[in-house]
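**Q** Task: produce atomic coordinates for the following.
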Amino acid sequence: MSTSPTISFIGAGNMASAIIGGMLENGYQAGNIWVSAPDDGHLQSIRKRFGVSVTTDNRYCAQQADIVVLAVKPQVMADVCHDIAPVVQNTRPLMVSIAAGLTAETLDTWLGGGMPLVRVMPNTPSLVGKGAAGLFANAQVKDAQKTSVQAMFESIGSALWVDDEDQLHGVTALSGSGPAYFFLMLEALEGAATEAGIAPETARALAIQTMAGAAEMAARSDDDPAQLKRNVMSPGGTTERAVNTFEDGGLRQLVKKAYGAAFDRSREMSKELADKQ
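**A** Got it, this is the predicted structure:
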């Protein structure tokens with residue numbers, strides 16, 4: 001990863017810390033990173049942990065940057081953007097938002113207009129370096145800037161671009177909310193195995209490793225999920241009977257319905273946030 005751009009994080013929560021940690025592990029220089037937040041005690045722990053520069057002054061933090069990462073909660077984003085707008089209108093950094101629901105147009109308006117801006121939908125496995133992020137860039141973003149942002153988020157997992165901002169609702173329903181879907185499956189498998197007599201700690205360990213192994217096989221294989229599933233199933237065997245039970249119970253339709261519910265809620269939340277500002 002290039003060490004040339006200076007990156008400032010406005011906000012110092014878990015996701016900002018995950019991104020900073022991933023960048024540093026991939027060769028980025030701590031001297032090129034700034035972080036701002038209102039709690040100086042927390043900032044000092046960030047400074048000691050990563051060796052980055054810190055400040056409680058958002059404007060000063062933004063002024064240092066070639067790239068500004070907006071890593072605050074959506075509910076306070078308007079105030080933050082209005083505060084730093086005079087600075088970024090002068091310095092013209094690339095703006096990167098990891099806040100859910102706030103559109104690029106809304107953010108750009110709060111920042112004074114005409115800014116290059118990337119929206120990112122990361123997910124919680126980013127905290128352990130296994131994230132999946134969807135990215136959207138507005139028309140002002142240059143190819144080199146897209147490359148820099150992609151490298152940032154590839155340091156904590158995978159980063160894939162979408163051409164239409166509305167597709168970020170679909171990303172939210174897939175990878176944003178998706179970890180909870182798999183945790184639900186993990187919980188259900190563990191519970192079923194425990195009821196069948198397997199010790200809870202053994203059931204959990206086997207279920208977790210099975211899920212991790214299946215994901216790794218899918219990532220490494222050229223086969224699609226349908227073929228990978230068939231590879232596990234023997235005619236008349238245990239897996240076939242279990243899979244048929246899932247199919248007969250309407251699993252596919254339930255997953256589609258759940259995905260749609262998350263997609264619709266993402267759109268609703270986006271409108272609610274816009275209306276409140």
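**Q** Can you verify residue 65 is assigned to a helix?
**A** No - counting by DSSP: H, G, I helix; E, B strand; the rest coil, residue 65 is not part of a helix but coil.
**Q** State the number of residues packed around it.
**A** 23 (other CB atoms under 10 Å). Every C-beta, even on glycine, is put in place using the N, C-alpha and C of the backbone.
**Q** repeat for residue 160
**A** 13.
**Q** Identify the neighbouring strands of the host helix or strand of it in the sheet and state each direction.
**A** Using DSSP states H and E, residue 160 maps to strand 157-161. With DSSP bridges as the test, strand 157-161 is paired with strand 131-137 (parallel).
**Q** Tell me which residues of the partner strand come out buried.
**A** Using 16 or more other CB atoms under 10 Å as the test for burial, strand 131-137 gives 131-137.
**Q** what does stretch 270-277 give?
**A** Those would be 270, 273, for stretch 270-277 by 16+ other CB under 10 Å.
**Q** With stretch 26-34 instead?
**A** Within stretch 26-34, the residues that count as buried by 16+ other CB under 10 Å are 28, 32-34.
**Q** cool, stretch 14-22 as well?
**A** Buried, per 16+ other CB under 10 Å, within stretch 14-22: 15-22.
**Q** wait, which of these is closest to residue 267?
**A** Of all the buried residues of stretch 14-22, residue 267 sits closest to residue 15, with 22.2 Å by CB to CB.
**Q** Export stretch 151-165 to PDB, keeping only CA atoms.
**A** Extracted in PDB, the C-alpha atoms of stretch 151-165 (Å, rounded to 0.1, in the frame of the first residue of the first chain):
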ATOM      1  CA  ALA A 151      -6.400  -0.700  -0.500                       C
ATOM      2  CA  MET A 152      -7.500   0.700   2.800                       C
ATOM      3  CA  PHE A 153     -10.500  -1.700   3.000                       C
ATOM      4  CA  GLU A 154      -8.700  -4.700   1.500                       C
ATOM      5  CA  SER A 155      -6.300  -4.400   4.600                       C
ATOM      6  CA  ILE A 156      -9.300  -5.600   6.700                       C
ATOM      7  CA  GLY A 157     -10.900  -8.000   4.200                       C
ATOM      8  CA  SER A 158     -12.400  -7.700   0.700                       C
ATOM      9  CA  ALA A 159     -13.600  -4.500  -1.000                       C
ATOM     10  CA  LEU A 160     -15.900  -4.500  -4.000                       C
ATOM     11  CA  TRP A 161     -17.300  -1.600  -6.000                       C
ATOM     12  CA  VAL A 162     -20.900  -1.000  -7.000                       C
ATOM     13  CA  ASP A 163     -21.800   1.300  -9.900                       C
ATOM     14  CA  ASP A 164     -25.200   2.400  -8.500                       C
ATOM     15  CA  GLU A 165     -25.400   3.900  -5.000                       C
END
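**Q** can you give me how far that stretch is from the chain middle?
**A** 9 Å (CA atoms, centre = their mean, to the nearest Å).
**Q** average model confidence for that stretch?
**A** In this model, stretch 151-165 has an average pLDDT of 96.
**Q** what do you get for stretch 115-135?
**A** 96.
**Q** circling back: using CSV, lay out the buried residues of stretch 14-22 together with distance to residue 167.
**A** Conversion of these to CSV gives the following (distance: CB to CB, whole Å):
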residue, distance to residue 167
15, 21
16, 24
17, 28
18, 23
19, 22
20, 27
21, 28
22, 24
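**Q** next SSE after the strand holding residue 160?
**A** On the C-terminal side of strand 157-161, the closest following helix or strand by DSSP H and E is helix 167-171.
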